[in-house]
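> sequence and predicted structure are below.
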Amino acid sequence: MRQPGQLRVALVYPGDLAARRAATPANNRFAALFTALAERGAQALPAVYHDEFRDQVRAQLLGVDCALVWVNPLQDGRDRAELDALLREVAAAGVAVSTHPDVILAMGTKEVLHRTRDLGWGGDTRLYRDPGQLRRELPEQLAAGAVRVLKQLRGNGGSGVWKIEAASPGDPARVRVRHAQRGAVEQEIPFEEFLALCAPYFAASGGMVDQAWQPRLVEGTVRCYLVHDRVAGFGHQAVNALHPAPAGAPATAAPPPGPRLYHPPDRPQFQPLRRRLEEQWVPALQETLGLDRASLPVLWDADFLLGPRDAAGADTHVLCEINVCSVAPYPDSAVAPVADAALAWAAAARRRGRER
């Protein structure tokens, strides 16, 4: 039962009609966040989403102050086109939406790796807008001995992420490639065949980003969870999808990734990275993309690979991707900051509504 003046927050996540009808604050992976919102006096509502019943979700979201959304950009053969149109509509009606589709386009696609390559977390990064550009420019790098990682601009789960190098030194006509999707094996194929594999990514996501391969991938990745512009926790994981096959070994699928180990924001080993993020990189990201603090997602994450050690032997970090569409699971340390930020955002949305 809603109390007078009580803020209302909807948590939007995918499911079918049966899941929507059965949804409660306790029977989903966001139960701790539902509890935290309720403890702060809010009414938190599950809003299970599918395109087939978008109008039901639309009516529900128009009745809340804030909507927090967890839906992948591509899943089960569907994209977010209808959902994003719905979120733009409810945001225009005064509902605080995180993450707003316009912010996703600014910072939640792989293009952000190219746009922010000079901020200190980037490096040798290229953007290909069409297959012709890829055909013209990539062979020169491969002929020079470069090992590259190509990524479609929108995707998840390793889809459209490829490691590539020339199969023979100086000759890019045949390439050695490995897809990052689970179960993929290293292949040696003609470069033209690789171009054909990449063609659908340009049609589906608008292009591909090309980054230099980071040999320290085998040491794992660090995921930084942020609430707006402050780190709320870390995840450390061994990611094996693009591991090189042992010399002379037969082509086999990469081993499954190790578990992601979660840590609070004050974990000592990650403090240099935290300071760079909060004091340098996030402010520079905001300036580059034209986003104020309130426009940053209530919850997002930045994944980092370990780069070359600096002159003092300390780790450097290279941005691998930014996730803003469906950041889950997340460390327990993020729950309270997310709840506080969501309610502050919901209250601000309600004040703006009264001022209209």
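Nice, I can see it.

> count the residues that sit near Ala204.
Counted with other CB atoms under 10 Å, residues neighbouring Ala204 total 15. To be clear about C-beta, it is placed using only N, CA and C from the backbone, and glycine gets the same treatment.

> do I have it right that it meets Ser159?
No: counting by CB atoms under 8 Å, Ser159 is not a contact partner of Ala204; they are 9.8 Å apart.

> ranges for the helices of the protein?
17-22, 31-39, 54-61, 81-92, 101-107, 111-115, 131-143, 191-205, 271-276, 282-289, 335-355 (DSSP state H).

> circling back: which residues do Ala204 and Ser159 both contact?
Leu74, Gln152 (CB atoms under 8 Å, 6 or more residues apart in numbering).

> wouldn't Asp303 be in contact with Cys320 here?
Yes: using CB under 8 Å, Asp303 makes contact with Cys320 at a distance of 4.3 Å.

> in terms of neighbours, single out the busier of those two.
A direct count of neighbours by other CB under 10 Å for Asp303 and Cys320 places Cys320 higher, at 22 against 18.

> contacting residues for that one?
Contacts of Cys320 by CB under 8 Å, 6+ apart are Thr221, Asp303, Phe304, Leu305.

> nearest to Val327, of the residues you listed?
Taking CB to CB as the measure, Val327 lies nearest Asp303 of those, at 10.8 Å.

> against Leu113, how distant is the closest one?
11 Å (CB to CB, to the nearest Å).

> what is in contact with these two at once?
With CB under 8 Å, 6+ apart as the test, Asp303 and Leu113 both reach Leu319, Glu321.

> follow-up on the earlier one: so which of the contacts of Cys320 belong to strands?
Those of the contacts of Cys320 mapping onto strands are Thr221, Asp303, Phe304, Leu305, per DSSP state E.

> ok, Leu343 - contacts?
Leu7, Val9, Leu37, Arg40, Ala42, Cys66 are the contacts of Leu343 under CB under 8 Å, 6+ apart.

> ok, 10 Å please
Leu7, Val9, Ala36, Leu37, Arg40, Gly41, Ala42, Ala44, Asp65, Cys66 (CB atoms under 10 Å, 6 or more residues apart in numbering).

> for it, give me the pLDDT.
Looking at Leu343, its pLDDT reads 97.

> and it, how close does it get to Pro329?
The gap separating Leu343 from Pro329 is 21 Å, by CB to CB.

> got the helices of the chain as TSV, with distance to Lys163 columns?
Shown next, in TSV, are the helices of the chain (distance: least, CB to CB, whole Å):
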stretch	distance to Lys163
helix 17-22	37
helix 31-39	36
helix 54-61	38
helix 81-92	30
helix 101-107	24
helix 111-115	15
helix 131-143	12
helix 191-205	11
helix 271-276	24
helix 282-289	26
helix 335-355	34
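
> coming back round to it: dump the contacts of Leu343 into TSV; add pLDDT as well.
Formatted as TSV, the contacts of Leu343 follow (pLDDT from 0 to 100):
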residue	pLDDT
Leu7	97
Val9	98
Ala36	98
Leu37	98
Arg40	97
Gly41	96
Ala42	97
Ala44	97
Asp65	97
Cys66	97
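
> and for the nearest residue in space to Gly160 that is not next to it in sequence, the neighbour number?
Ranked by CB to CB, 6 or more residues apart in numbering and with sequence neighbours excluded, the top spatial neighbour of Gly160 is Gln152, at 3.2 Å. As a burial measure, Gln152 scores 22 neighbours (other CB under 10 Å).

> and His50, by the same measure?
19.

> repeat for Glu192
Neighbour tally, Glu192, other CB under 10 Å: 11.

> and the one 10 residues further on, by the same measure?
A count of nearby residues for Phe202, using other CB under 10 Å, gives 19.

> now do it against Arg135, distance only.
Taken as CB to CB, the span from Phe202 to Arg135 is 11 Å.

> quick check: neighbours shared by the two?
Applying CB under 10 Å, 6+ apart, one finds that Phe202 and Arg135 are jointly contacted by Tyr128.

> show me the contacts for the nearest residue to Asp130 once chain neighbours are set aside.
Distance criterion CB to CB, 6+ apart; nearest residue to Asp130, sequence neighbours excluded, is Phe202 at 5.9 Å. Shown in contact with Phe202 (CB under 10 Å, 6+ apart): Tyr128, Arg129, Asp130, Pro131, Gly132, Gln133, Leu134, Gln152, Leu153, Met208.

> run a quick neighbour tally on the nearest residue to Pro139 once chain neighbours are set aside.
In this structure, Pro139 finds its nearest non-sequential neighbour in Pro172, 4.1 Å apart by CB to CB, 6+ apart. Counted with other CB under 10 Å, residues neighbouring Pro172 total 20.

> pretty sure Pro172 contacts Leu138?
Yes: assessed by CB atoms under 10 Å, Pro172 is found in contact with Leu138 at 7.6 Å.

> give me the common contacts of these two.
Counting by CB under 10 Å, 6+ apart, the shared contacts of Pro172 and Leu138 are Ala146, Ile164, Phe191, Phe194.

> and the first one, what is it in contact with?
Ala146 sits next to Asp124, Leu138, Glu140, Ile164, Glu165, Ala166, Pro172, Asp210, Ala212, Trp213 when contact means CB under 10 Å, 6+ apart.

> so among these, where is pLDDT lowest?
Among the contacts of Ala146, Asp124 has the weakest pLDDT, 89.

> how close does it get to Asp315?
Taking CB to CB, one finds Asp124 at 18 Å from Asp315.
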